[in-house]
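**Student:** this is the structure alone, sequence omitted:
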């Protein structure tokens, strides 16, 4: 009895597997043919291509120069230069970002800096065409000065 | 229905008009042999290309795309690469058997290949025990695989070869029983005659329930017979590197590879011949207009369409299921397929005796 029941249960599970692959056979294929479809290439939005710092239309970024990203980075990829200024409204001293340096060459795209940022000042773009001719060009300054 | 026998008879009369009969027959045999090998190679190339594309589609990929339109030249490039590679002779191998093994495999494959009726009048080996000859010829391949594993002097090759031997000899039985089911229905063992009997409906329709069961058993056993996934444990990449052909390189490896793919086609085309009517068009008794339209399509197109459809079914199975263990494979054969096959044979006998088939 168990033999017959096991036979039909096995048959059912095999048919389930066949159904899944049959559907897969007719779904649209996800392969991207990269150099040919460069104009229409659609990247997945969670792809970590390169660290960027978005700026609004007035050229302001949201970085408060807290240095959490610099500390979170396992490779020492990020170097933040900051200065202390007096806030004109409150009269208290506060940190201001001078230079946000990002070394693409030593970045391992782990996303830890973006996770550490309390103000969402940095994010990863999906841009992946990084090739340059010298090592120095990989060190980028992310903030506008 | 186009009869290819007209062409062969014309060639024969042309030859006999200029030379003695013996020489003519000899020359015809040579020509047929060359054509057979050419077709063998072409089918191997089509199979490899199809395998890559179908496998890719099942995995949501596109497959080869770069070399030639839709990657169609890729396989030719691979064949030429294989031809130019060095054949490495292992130092402690049994040299004679090591070099002989791929040719035994390919010989068995070509002999089985010659049994396939491609079109009306286009059968190369066709005689009254064709089914038995086919099974005997295709079984020789086991010897080649065992020799390859043994002579390589490599324990993984030997394990792969022994697994392959156990598996192929076991599944031979199921193939035999499921073919026998159809032989009971047709009372002939000649492939051309089996095809002719399907003029008023393919056997899978005429034999209804037992024929469908036999077809499924044949597909499973055939897949195991050609050592393809989910029964590909003789070459189980992750455990035995490549099984019996681990130590082979260059064209000797190529022969194993080609034989595997053509064996897939042979199994599929035999399934198409005995269950789906071979080159016989789809005929529905009573609908003469429909039958006439179907007759307009040449037989070899019907044959290749059906055979490639069965190949597609086998690839679908291969790229769906994970590999079985050796004990699971033998359990499937001896505890499930053989008893079901024997009961099914009995059912078919009952159906034939009481005339319950169409």
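**Tutor:** Received the coordinates, thanks. Small disclaimer: the values here were computed from a predicted structure and weren't measured.
**Student:** all the strands of chain A, residue numbers only.
**Tutor:** A:50-52, A:78-86, A:93-103, A:123-125, A:139-141 (DSSP state E).
**Student:** from the contact counts, what lies against the last one?
**Tutor:** With contacts defined as 3 or more Cβ pairs under 8 Å, 6 or more residues apart in numbering or on different chains; DSSP states H and E, the packing partners of strand A:139-141 are strand A:93-103. Backbone N, C-alpha and C define where each C-beta goes, glycine included.
**Student:** which residues sit against the strand it packs on?
**Tutor:** When contacts are defined by Cβ atoms under 8 Å, 6 or more residues apart in numbering or on different chains, strand A:93-103 is touched by residues A:51, A:53, A:61, A:63-66, A:77-87, A:138-143, A:145.
**Student:** give me that answer again for 7 Å
**Tutor:** Residues from elsewhere that reach strand A:93-103, judged by Cβ atoms under 7 Å, 6 or more residues apart in numbering or on different chains: A:51, A:53, A:63-65, A:77-87, A:138-143.
**Student:** what angle do it and strand A:78-86 make?
**Tutor:** Here strand A:93-103 runs at an angle of 160 degrees relative to strand A:78-86 (axes from the mean of the first three to the mean of the last three Cα atoms, to 10 degrees).
**Student:** list the neighbouring strands of strand A:93-103 plus their orientation.
**Tutor:** Using DSSP bridges, strand A:93-103 pairs in its sheet with strand A:78-86 (antiparallel), strand A:139-141 (antiparallel).
**Student:** I'd like these as TSV, with mean pLDDT and mean neighbour count appended.
**Tutor:** TSV is the format used below for these (pLDDT from 0 to 100; neighbours: other Cβ atoms under 10 Å in any protein chain shown):
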stretch	mean pLDDT	mean neighbour count
strand A:78-86	88	14
strand A:139-141	88	14
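**Student:** same list, those strands, but as JSON lines with distance to residue B:53 please.
**Tutor:** Below are the strands paired with strand A:93-103 laid out as JSON lines (distance: least, Cβ to Cβ, whole Å):
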{"stretch": "strand A:78-86", "distance to residue B:53": "46"}
{"stretch": "strand A:139-141", "distance to residue B:53": "43"}
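**Student:** tell me which residues touch residue 112, please.
**Tutor:** You didn't pick a chain, so chain A it is. Counting by Cβ under 7 Å, 6+ apart, residue A:112 touches A:72, A:73, A:74.
**Student:** the chain in question should be chain B.
**Tutor:** Residues near residue B:112 by Cβ under 7 Å, 6+ apart: B:134, B:137, B:138, B:266.
**Student:** element containing it?
**Tutor:** Taking DSSP states H and E as the criterion, the element that holds residue B:112 is helix B:95-113.
**Student:** give me the buried positions along that helix.
**Tutor:** Neighbour-count burial for helix B:95-113 flags B:97-98, B:100-102, B:104-113 (criterion: 16 or more other Cβ atoms under 10 Å in any protein chain shown).
**Student:** the residue most central in space within chain B: what's its closest spatial neighbour, skipping adjacent residues?
**Tutor:** Among the residues of chain B, the one closest to the centroid is residue B:266, at 1.5 Å (Cα atoms, centre = their mean). Leaving aside its sequence neighbours, residue B:266 sits nearest to residue B:112 (Cβ to Cβ, 6 or more residues apart in numbering or on different chains; 5.1 Å).
**Student:** helices of chain A, start to end?
**Tutor:** Assigned by DSSP state H, the helices in chain A fall at A:2-26, A:68-72, A:112-116.
**Student:** what about the last one, average pLDDT?
**Tutor:** This points to helix A:112-116. Here helix A:112-116 scores 90 as its mean pLDDT.
**Student:** now the second one
**Tutor:** What helix A:68-72 shows for mean pLDDT is 90.
**Student:** which residue, other than its chain neighbours, is closest to the single nearest residue of the stretch 1-150 of chain B relative to chain A?
**Tutor:** The nearest approach of the stretch 1-150 of chain B to chain A comes at residue B:62, 4.1 Å away (Cβ to the nearest Cβ). Closest residue in space to residue B:62, ignoring its immediate chain neighbours: residue A:31 at 4.1 Å, by Cβ to Cβ, 6+ apart.
**Student:** now residue B:147
**Tutor:** Counting by Cβ to Cβ, 6+ apart, the nearest residue to residue B:147 once its immediate chain neighbours are dropped is residue B:101, at 4.1 Å.
**Student:** so who does that neighbour touch?
**Tutor:** With contacts defined as Cβ under 7 Å, 6+ apart, residue B:101 is in contact with B:144, B:147, B:148, B:151.
**Student:** next one: residue B:269
**Tutor:** Applying Cβ under 7 Å, 6+ apart to residue B:269 gives the contacts B:116, B:307.
**Student:** could I get the phi/psi values of it?
**Tutor:** phi -70, psi -30 (degrees, to the nearest 10).
**Student:** wait, residue B:129 touches residue B:193, no?
**Tutor:** No - look at residue B:129 against residue B:193 with Cβ atoms under 7 Å: they stay out of range, at 11.4 Å.
**Student:** before we move on, back to that, wait, a helix at the residue of the stretch 1-150 of chain B closest to chain A?
**Tutor:** No - Residue B:62 is assigned coil when assessed by DSSP: H, G, I helix; E, B strand; the rest coil, not a helix.
**Student:** and residue B:118, how many neighbours?
**Tutor:** Other residues lying near residue B:118 total 19 when counted by other Cβ atoms under 10 Å in any protein chain shown.
**Student:** distance of it from residue B:9?
**Tutor:** To residue B:9, residue B:118 is 17 Å away according to Cβ to Cβ, to the nearest Å.
**Student:** ok so, going back, what's the pLDDT at the residue nearest to residue B:147?
**Tutor:** For residue B:101, the model assigns a pLDDT of 87.
**Student:** quick one: it and residue A:25, what's the gap?
**Tutor:** According to Cβ to Cβ, residue B:101 and residue A:25 sit 36 Å apart.
**Student:** next: residue B:126.
**Tutor:** Between residue B:126 and residue A:25 the computed distance is 36 Å (Cβ to Cβ).
**Student:** and the residue nearest to residue A:53 when sequence neighbours are not counted, what pLDDT?
**Tutor:** Distances taken as Cβ to Cβ, 6+ apart place residue A:142 nearest to residue A:53, at 4.1 Å, with adjacent residues excluded. If you check residue A:142, the pLDDT there is 85.
**Student:** for residue A:142, list the residues it contacts.
**Tutor:** A:51, A:52, A:53, A:100, A:102.
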